[in-house]
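In: Got a sequence here, can you build the structure:
(chains A, B, C, D, E and F)
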There are 4 protein chains.
Amino acid sequence: MQAAMQVFAQEGYEKTRVEDIARAAGVGKGTVYEYFSSKEEIFEQAVVKGTEEYLASLERELAAQLSLEDKLLAVARQHLHFMVSQRDVARILASSPGLILPRLKQLMLDIRREIEDKVVRVIAAGIKGEHLRQVDTYLAARVFLGGLSAVAGPHCFQEESWELESTAQEICRIFLTGVVKRQSGSGAARFPSVSPC
Amino acid sequence: MQAAMQVFAQEGYEKTRVEDIARAAGVGKGTVYEYFSSKEEIFEQAVVKGTEEYLASLERELAAQLSLEDKLLAVARQHLHFMVSQRDVARILASSPGLILPRLKQLMLDIRREIEDKVVRVIAAGIKGEHLRQVDTYLAARVFLGGLSAVAGPHCFQEESWELESTAQEICRIFLTGVVKRQSGSGAARFPSVSPC
Amino acid sequence: MQAAMQVFAQEGYEKTRVEDIARAAGVGKGTVYEYFSSKEEIFEQAVVKGTEEYLASLERELAAQLSLEDKLLAVARQHLHFMVSQRDVARILASSPGLILPRLKQLMLDIRREIEDKVVRVIAAGIKGEHLRQVDTYLAARVFLGGLSAVAGPHCFQEESWELESTAQEICRIFLTGVVKRQSGSGAARFPSVSPC
Amino acid sequence: MQAAMQVFAQEGYEKTRVEDIARAAGVGKGTVYEYFSSKEEIFEQAVVKGTEEYLASLERELAAQLSLEDKLLAVARQHLHFMVSQRDVARILASSPGLILPRLKQLMLDIRREIEDKVVRVIAAGIKGEHLRQVDTYLAARVFLGGLSAVAGPHCFQEESWELESTAQEICRIFLTGVVKRQSGSGAARFPSVSPC
DNA sequence: CATGAATGAGCCTTCATTCAT
DNA sequence: CATGAATGAAGGCTCATTCAT
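Out: Below is the predicted model:
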């Protein structure tokens, strides 16, 4: 239910009243219970529904024959796109998992883990192919996804606006080669002291 | 109030009952209202109190004469340390800002922004000093902090365990120079296609 | 409606949902309202319908030329048979009259009173014919019917099983001549003290 | 809670609203939940509380060294007294056990059974002492108690008025020696046919 | 100053009843 | 004529807040 996702995203699980969802959907309160057996179930289905398309797209893209770079770029695009197009669900997923009902917490952790695992596999392949150095795959995956979420977050929460494609590219670039300026000749004394700021 | 922070972190704002806080603090329910005028105020003060030490430490460290690398390292250490030692508050801050009372939402956004700005300034200095390439400072700051939070998050929420110092170093390294393996000679054809995974 | 009586008996008036009745009857929920204007009316008609056959049979039997004993036996048989065969309705009638809607309360009291009156008339005739001693007819009638109901009740509610004919005879015998052992010679000192039990 | 018993007795379990109980008790709705955890528990405690005095009195009386007749008389007095003085609880107990929540049903059946067993023991002792003929003890006990309840019932439900002591005596007399007129000489042709009524 | 009993607004959920199809 | 989706009033229960002790 589109209406449910919006209201949940706007108000959060606890503050959302079933009556609000009903009104948002343009139906009576009782009608909601014709389709869902409880408020918890509405939430669960809203999350599952809102996530599955994203997960499916991700799966599809990563199955293709792509370079490491393009795979990360695909993840970045999909993730940013998900957070923009499904901002309601993304907002829900972003809420700390500790803060809601146990059953739902598990559901959300599972989804996060599923995404994480996909990235882990891409990175692991990169390491195996000797394109990446020996990083902790889980740590790296989290850094990558965390970076993406942190960039998209303000968009979701504060209506900032940005350009998706260039953002995705820049985040990938940071993740792959860092922010340091490639100094032509040397690797020496790369990080001299900077003045206090 | 230490007690309040713990309970809020454990249960979330909505699920926390004032009586729980009182019991955790070892006082009567009425006594809580001697010191705070409402549940919302308890929450607010708990967040402010739990954050201010972190913010102060950060301020202090960044005021010192340090290399860019060391400054980022300091941020990483402080941030990870904050998320571990004040996991209660961190957990609260991590909950999506849209999900709580409007007044508190602003408070939390302000805090995030304050941290973000510090990192932005470090990065801006790095760019000015030509140590970093021309990245969008806010984007980079968010990627950095998002990476940190994403790595520490599972620790807060799921009791994972890890070693702080090495984690901080690795995240800084990824942020600065990326995950790509430095190939001695060339920069050419750096990311060949990898097989599907 | 047979279905209604069964459901009412199974679940009680309050717990029965109109939808249950509809399903039990194999029709749609709306269809029920084609034949009855409200839940209360369904209940009323179910009780009336379930009772009228019993009342008619009783009427018929008592109209016959029978001895006092046989009339009571007829009442006993009919009452027990009613409580077994129409256990659904009996169960409904057994629920305390104070516990349901005012209008239905009156209906049920009327039915009870009707049965009671029949027994009262039998007893009154017995007294007039000097076969029975001068007992309060209403009191005696209630004792008789109360005894019958109390014996049959556990059958209705707890699935006990017993033989109707012998039970009817024994209850009549108790009512007519009591449980005391007829001591051949004397009526003296009939109830000596017994030890505590 | 006196108030609860009254309201339950007046309205029945289902129709009683917790708010009614609260109002009857002169307190707020929430206050009720300070002392009981649920509506069901209020009911349970009301029944237990209202019954225990009756059960205790019965126990005490039957423990005494009394003749069979006096014991039954004691039961009759206590039972009638209970139904008058605790008419609220009696009314609750009288409601058909099938009609309420399973847990409460069992509670009520247990109480009934406890009373029944006491009478069964009295009767069994009477049979053993050869004062009573070989009747089915459970059947007899139910007839006796059913008679008592049926007589007292209308008092509870319809405000009839009667004299307890003489009623108790008459019911015992019927139970012990029946309603038949003791004809001096003979037992022959005791129940001649009576005309239709 | 500390307390916790009392309060009642508010929310999830049920279900008798209606009515468009 | 039959249906069942839609409805909203009503009730059980929670909990932030107050206030008499």
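
In: Going by C-alpha atoms from here, please, whenever you check contacts or count neighbours.
Out: OK.

In: Give the burial count for residue A:34, as a bare number.
Out: Using other C-alpha atoms under 10 Å in any protein chain shown as the criterion, residue A:34 is surrounded by 9 other residues.

In: One more: the one 10 residues further on?
Out: Neighbourhood size, residue A:44 [other C-alpha under 10 Å]: 17.

In: in what helix or strand does the nearest residue to it once chain neighbours are set aside lie?
Out: Nearest residue to residue A:44, sequence neighbours excluded (C-alpha to C-alpha, 6 or more residues apart in numbering or on different chains): residue A:104, at 6.6 Å. Assessed by DSSP states H and E, residue A:104 sits inside helix A:102-128.

In: Same question for residue A:60.
Out: Going by DSSP H and E, residue A:60 is in helix A:39-63.

In: After the helix holding residue A:104, which helix or strand is next?
Out: Using DSSP H and E, the first helix or strand after helix A:102-128 is helix A:137-158.

In: Could the C-alpha coordinates of that following helix be exported in PDB?
Out: What follows is helix A:137-158, C-alpha atoms only, in PDB (Å, rounded to 0.1, in the frame of the first residue of the first chain):
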ATOM      1  CA  THR A 137      35.500  -7.400   2.600                       C
ATOM      2  CA  TYR A 138      32.800  -6.700   5.100                       C
ATOM      3  CA  LEU A 139      34.400  -3.600   6.300                       C
ATOM      4  CA  ALA A 140      34.900  -2.300   2.800                       C
ATOM      5  CA  ALA A 141      31.300  -3.200   1.800                       C
ATOM      6  CA  ARG A 142      30.000  -1.300   4.800                       C
ATOM      7  CA  VAL A 143      32.100   1.700   4.100                       C
ATOM      8  CA  PHE A 144      30.900   1.700   0.500                       C
ATOM      9  CA  LEU A 145      27.200   1.300   1.400                       C
ATOM     10  CA  GLY A 146      27.500   3.600   4.400                       C
ATOM     11  CA  GLY A 147      29.000   6.300   2.200                       C
ATOM     12  CA  LEU A 148      26.100   5.900  -0.300                       C
ATOM     13  CA  SER A 149      23.500   6.100   2.400                       C
ATOM     14  CA  ALA A 150      25.000   9.000   4.100                       C
ATOM     15  CA  VAL A 151      25.100  11.000   0.900                       C
ATOM     16  CA  ALA A 152      21.600  10.100  -0.100                       C
ATOM     17  CA  GLY A 153      20.200  10.500   3.400                       C
ATOM     18  CA  PRO A 154      20.000  14.300   3.500                       C
ATOM     19  CA  HIS A 155      18.200  14.100   0.200                       C
ATOM     20  CA  CYS A 156      15.500  11.900   1.700                       C
ATOM     21  CA  PHE A 157      15.200  13.700   4.900                       C
ATOM     22  CA  GLN A 158      15.800  17.300   4.000                       C
END
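
In: residue ranges with poor pLDDT in chain A?
Out: A:95-100, A:155-160, A:182-197 (pLDDT under 70).

In: And what about the residue of it found nearest chain C, helix, strand or coil?
Out: Residue nearest to chain C within chain A: residue A:34 (13.8 Å; C-alpha to the nearest C-alpha). Here residue A:34 is helix, with the state taken from DSSP: H, G, I helix; E, B strand; the rest coil.

In: still on that earlier bit, next, see if the helix holding residue A:104 gets close to DNA strand F.
Out: No: contact of helix A:102-128 with DNA strand F is not found when judged by C-alpha under 7 Å from any atom of the strand; the minimum separation is 14.7 Å.

In: helices and strands around that helix, which ones?
Out: Here helix A:102-128 touches helix A:39-63, helix A:68-85, helix A:137-158, going by 3 or more C-alpha pairs under 8 Å, 6 or more residues apart in numbering or on different chains; DSSP states H and E.

In: Just put those in a markdown table and tack on distance to DNA strand E.
Out: Listed next are the helices and strands packed on helix A:102-128 as a markdown table, based on distance: least, C-alpha to the nearest atom of the strand, whole Å:
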| stretch | distance to DNA strand E |
| --- | --- |
| helix A:39-63 | 4 |
| helix A:68-85 | 25 |
| helix A:137-158 | 23 |
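
In: would you list those helices in a markdown table and tack on distance to residue A:6?
Out: Formatted as a markdown table, the helices and strands packed on helix A:102-128 follow (distance: least, C-alpha to C-alpha, whole Å):
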| stretch | distance to residue A:6 |
| --- | --- |
| helix A:39-63 | 9 |
| helix A:68-85 | 12 |
| helix A:137-158 | 12 |
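
In: now for those helices, which one comes closest to DNA strand F?
Out: Across the helices and strands packed on helix A:102-128, DNA strand F has its closest neighbour in helix A:39-63 (13.0 Å, C-alpha to the nearest atom of the strand).

In: The closest one: how far from the chain's middle?
Out: Centroid displacement of helix A:39-63 relative to its chain, using C-alpha atoms, centre = their mean, to the nearest Å, is 12 Å.

In: Run through who's touching stretch A:40-50.
Out: A:1-2, A:4-5, A:8, A:13, A:36, A:86, A:89, A:92-93, A:104, A:107 (C-alpha atoms under 8 Å, 6 or more residues apart in numbering or on different chains).

In: Show the buried residues in those residues.
Out: With burial judged by 16 or more other C-alpha atoms under 10 Å in any protein chain shown, the buried subset of those is A:4-5, A:8, A:13, A:86, A:89, A:92-93, A:104, A:107.

In: Enumerate the positions of stretch A:24-40 that are buried.
Out: Buried residues in stretch A:24-40, counting neighbours by 16+ other C-alpha under 10 Å, are found at A:25, A:29, A:32, A:39.

In: for those, which one is nearest residue D:17?
Out: Using C-alpha to C-alpha, residue A:29 is the member of the buried residues of stretch A:24-40 that sits closest to residue D:17, with 22.5 Å.

In: which ones are touching that closest one?
Out: When contacts are counted by C-alpha under 8 Å, 6+ apart, residue A:29 touches A:18-19, A:22-23.

In: Export those residues to a markdown table and append columns for secondary structure.
Out: Formatted as a markdown table, the contacts of residue A:29 follow (three-state DSSP):
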| residue | secondary structure |
| --- | --- |
| A:18 | helix |
| A:19 | helix |
| A:22 | helix |
| A:23 | helix |
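
In: Quick one: name the residues of chain A near DNA strand F.
Out: Taking C-alpha under 7 Å from any atom of the strand, the part of chain A that reaches DNA strand F is made up of A:26-34.

In: want to try TSV for these, with distance to residue B:62 as columns?
Out: As requested, the residues of chain A next to DNA strand F are exported to TSV (distance: C-alpha to C-alpha, whole Å):
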residue	distance to residue B:62
A:26	53
A:27	55
A:28	56
A:29	54
A:30	57
A:31	57
A:32	54
A:33	55
A:34	58
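
In: and the residue in chain A that chain D sits nearest to, what does it touch?
Out: Using C-alpha to the nearest C-alpha, the closest approach of chain A to chain D is made by residue A:38 at 21.1 Å. Contact analysis of residue A:38 by C-alpha under 8 Å, 6+ apart lists nothing.

In: burial measure for the nearest residue to residue A:39 once chain neighbours are set aside, as a count.
Out: Leaving aside its sequence neighbours, residue A:39 sits nearest to residue A:18 (C-alpha to C-alpha, 6+ apart; 6.6 Å). Counted with other C-alpha under 10 Å, residues neighbouring residue A:18 total 20.

In: What of residue A:113?
Out: Residue A:113 is flanked by 12 other residues according to other C-alpha under 10 Å.

In: Relative to DNA strand E, how far out is it?
Out: Residue A:113 sits 28 Å away from DNA strand E, going by C-alpha to the nearest atom of the strand, to the nearest Å.
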